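>>> coordinates for the following, if possible.
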Amino acid sequence: MSNSIQWRRWEKRKEIAGEAGVTVIDSPRDLSPDLATLHNEFPFSNVYQRPTFNLRSREFTNGSSLTALGCVVSKMRVHINGTLNVGGIRTEITEGIIYMSIYATFPTGHNAMLIAKDSSANVTTKDRRRQDRNMSQLAEAKQL
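Numbers count the residues shown, from 1 in each chain. Model prediction:
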C-alpha cells in the first residue's frame with residue numbers, strides 16, 4: 001500500500017477523532033500489530049470512503065452502536081467526540097442515547113450519558129458556537 005494512502009487514512013482518523021482516536025486504535029500495536037493495522041485499514045480505507053453516509057452520520061451511528069454494546073467505554077468516548085468534531089451536536093447525541101436506552105437497557109444508556117457528559121465538557125467555545133448554529137438550523141428546518 002502506498003504511503004500517500006496510509007497518510008490520507010491517518011489524516012482522516014485525526015480529523016474525526018483527534019489524537020485520542022489515534023491512540024485508541026493503535027493501543028494494541030505492541031501486542032498485536034496485525035490487529036492495529038486491520039483496525040486502521042478496514043474502516044478507514046473501505047467503509048469510511050463509501051459515498052452514502054457523511055462523517056457526521058457515520059460517527060453518530062458508531063456512537064449508537066457502541067451505546068448498545070455498553071462495554072467499550074474508550075471507543076464510545078472517541079466516537080462521541082468524533083461526532084462533535086465532524087459537526088454533530090450534544091442534543092443529538094443525548095437524544096440518540098435516550099433512544100438507544102429502549103433497546104440497550106437503561107443502565108447502559110445511563111453509562112453512555114455519563115460518557116457523553118464528560119465528552120461535552122471538553123468541547124471548546126468555538127465548538128459550542130458551531131453547535132448552537134447547528135441547533136438553530138435544525139429548529140428552522142423543523143418549522144418548514
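>>> what separation is there between D30 and E19?
18 Å (C-beta to C-beta, to the nearest Å). (Glycine included, C-beta is placed from N, CA and C.)
>>> and the residue minimising distance to the centre of the chain, what element?
Closest residue to the average C-alpha location of the chain: H79 at 2.2 Å, with C-alpha atoms, centre = their mean. Assessed by DSSP states H and E, H79 sits inside helix 73-85.
>>> just checking, what packs against the helix or strand just after that helix?
Counting by DSSP H and E, the element after helix 73-85 in chain order, helix or strand, is helix 90-104. Judged by 3 or more C-beta pairs under 8 Å, 6 or more residues apart in numbering; DSSP states H and E, the packing partners of helix 90-104 are helix 55-69, helix 73-85, helix 106-121.
>>> and the last one, how far out from the chain middle?
Put plainly, it is helix 106-121. 14 Å (C-alpha atoms, centre = their mean, to the nearest Å).
>>> average pLDDT across that helix?
For helix 106-121, mean pLDDT is 86.
>>> check the shortest one too.
Mean pLDDT, computed over helix 73-85, is 86.
>>> give the buried residues for that helix.
K75, M76, R77, V78, H79, I80, N81, G82, T83, L84, N85 (16 or more other C-beta atoms under 10 Å).
>>> got TSV for those residues, with distance to F106 too?
Below are the buried residues of helix 73-85 laid out as TSV (distance: C-beta to C-beta, whole Å):
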residue	distance to F106
K75	21
M76	16
R77	20
V78	23
H79	21
I80	18
N81	24
G82	25
T83	22
L84	24
N85	28
